[in-house]
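K.L.:
A structural model of the following input is requested.
(one chain, ligands or ions: 1)
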Amino acid sequence: MTLLLGPNRYGKAETRLVRVVRDGDVHHLKDINVSSSLSGEMESVHLTGDNAAVLPTDTQKNTVYAFARRHGVDQIEDFALLLARHYVDSQPTIHHARVEIEEYAWERIPATGHSFVRTGQEVRTCVVHYDRDGSVSVVSGLKDLVVLNSTGSEFHGYIVDGYTTLKPTTDRILATAVTARWRHSVTDVDFGKSYAEVRKLLLEAFADTHSLSLQQTLYAMGRRALEARPEVCEIRFAMPNKHHFLVDLEPFGLDNDNEVFYAADRPYGLIEGTVLREDAPDAGQAWE
Ligand SMILES: O=c1[nH]c(=O)c2[nH]c(=O)[nH]c2[nH]1
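P.N.:
Numbers count the residues shown, from 1 in each chain. Below you'll find the model as predicted:
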């Protein structure tokens, strides 16, 4: 029997880092979670336990902290690119690096220059791949962006079979927690501006699309981002349909004209989809 070592990678997951930049009495906060994953000449470590090709995960964690001090942390995509390039370019045995970063946003409490409140629920994300052959990819994104339209949403005309009980509606609540990830076709991007613009476009499209289904809304959101942002070539969504069911108040002698809802947390519909340019460059490992 011949066995082979299949695909493998290793790294340090979830290095949590908070960086405080002091501008006199006014402080700035960066709160991130970094996961690195390396691959390359890793046959020996798996087959014989020879660690000579291994850059320890502990070193990867230290590199994150040291680079934060040495280079600062501005846009997470730029920091991820810096780390990925460093691992591959400095170590001959490392051929590929994947660096994923999540960022949690804080806003200053105006009472002082050094007090903060976590803003919103959403988390900014990125995944960078950098390969020895020079190929590089950047996927930016967000998750847990919770949005709701209290009207402007219909759902009818679907398949009706022997198991269907859902009533068609021309006015329902549409709510979801958006996970969106978008692939850049280039890497020399102002990632801060691009993120803010894509987020704004997604919210605007969610709000002003009269929805006949969450699927239609998803496509409209992707389309809005791609039409306005030339640096983005593909966007992928996962959107749970956070169902709001009208409560039957008739037993209590009350009507309910789309006013009182039961917000169910499960089960939920899960709507996933991709919108991309016809001529989008090959994604390579960007989504892995
Ligand atoms: O927007 C929707 N899409 C569906 O596919 C679906 N299915 C369902 O039961 N409700 C909804 N809503």
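K.L.:
residues in the stretch 101-250 of the chain within reach of the ligand, list them.
P.N.:
Contact residues, the stretch 101-250 of the chain versus the ligand (Cβ under 6 Å from any ligand atom): 155, 166, 213, 214, 215, 241. Using the backbone N, CA and C atoms, a C-beta is placed for each residue, glycine as well.
K.L.:
can you redo those residues as TSV with pLDDT and neighbour count?
P.N.:
Compiled in TSV, those are given as follows (pLDDT from 0 to 100; neighbours: other Cβ atoms under 10 Å):
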residue	pLDDT	neighbour count
155	98	19
166	97	10
213	98	18
214	98	23
215	98	16
241	98	18
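K.L.:
Farthest-apart pair in these, please.
P.N.:
Greatest spatial distance among these (Cβ to Cβ): 166 and 215, at 15.4 Å.
K.L.:
Which ones among the residues of the stretch 101-250 of the chain next to the ligand map onto helices?
P.N.:
Using DSSP state H, the members of those that fall in helices are 214, 215.
K.L.:
In TSV: the residues of the stretch 101-250 of the chain next to the ligand, plus distance to residue 179.
P.N.:
Listed next are those as TSV, based on distance: Cβ to Cβ, whole Å:
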residue	distance to residue 179
155	21
166	25
213	18
214	13
215	15
241	13
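K.L.:
Of the residues of the stretch 101-250 of the chain next to the ligand, just say which sits nearest to residue 187.
P.N.:
Within these, proximity to residue 187 (Cβ to Cβ) peaks at residue 215, which comes in at 31.5 Å.
K.L.:
Chain neighbours aside, what residue packs nearest to the closest one?
P.N.:
Among residues not flanking residue 215 along the chain, residue 271 sits closest, at 5.6 Å (Cβ to Cβ, 6 or more residues apart in numbering).
K.L.:
Does that neighbour touch residue 241 like I think?
P.N.:
Yes - shown here, residue 271 and residue 241 form a contact pair, counting by Cβ atoms under 8 Å, at 6.2 Å.
K.L.:
list residues touching both of those two?
P.N.:
When contacts are counted by Cβ atoms under 8 Å, 6 or more residues apart in numbering, residue 271 and residue 241 have 176, 214 as shared neighbours.
K.L.:
can you map out the helices along this structure?
P.N.:
Along the chain, counting by DSSP H, helices occupy 43-47, 57-71, 76-90, 191-208, 214-228.
K.L.:
so what's the closest residue to the ligand within the stretch 1-150 of the chain up against?
P.N.:
Using Cβ to the nearest ligand atom, residue 149 is the residue of the stretch 1-150 of the chain that sits closest to the ligand, at 11.6 Å. Applying Cβ under 8 Å, 6+ apart, we find residue 149 in contact with 173, 174, 175, 206, 207, 211.
K.L.:
Who does the closest residue to the fourth one other than its chain neighbours form a beta bridge with?
P.N.:
For residue 206, the nearest residue in space outside its immediate sequence neighbours is residue 147; the separation is 5.2 Å by Cβ to Cβ, 6+ apart. Under DSSP bridges, the beta-bridge partners of residue 147 are residue 176.
K.L.:
Residue 147 against residue 178, yeah?
P.N.:
Yes - between residue 147 and residue 178 there is a contact under Cβ under 8 Å: 6.4 Å.
K.L.:
Which one of the two is surrounded by more residues?
P.N.:
Set side by side, residue 147 and residue 178 show unequal neighbour counts under other Cβ atoms under 10 Å, the larger going to residue 178 at 22 against 18.
K.L.:
Who are the contact partners of the residue nearest to that one when sequence neighbours are not counted?
P.N.:
In space, residue 178 comes closest to residue 145 once its chain neighbours are excluded; the distance is 4.2 Å by Cβ to Cβ, 6+ apart. Residues touching residue 145, when contacts are defined by Cβ under 8 Å, 6+ apart, comprise 120, 121, 122, 177, 178, 179, 180, 199, 202, 203.
K.L.:
and residue 145, how far is that from residue 272?
P.N.:
Remark: distance between residue 145 and residue 272 (Cβ to Cβ, to the nearest Å) = 15 Å.
K.L.:
Ok, residue 110 next?
P.N.:
Using Cβ to Cβ, which is the criterion applied here, residue 110 is 40 Å from residue 272.
K.L.:
Which of the two has more residues huddled nearby?
P.N.:
More neighbours surround residue 272 than the other of residue 110 and residue 272, with 12 against 7 (other Cβ under 10 Å).
K.L.:
what does stretch 212-222 contact?
P.N.:
Contacts of stretch 212-222 from elsewhere in the structure, counted by Cβ under 8 Å, 6+ apart, are 154-155, 157, 174, 176, 178, 180, 201-202, 205-206, 209, 211, 235, 237, 239, 241, 269, 271, 273-275.
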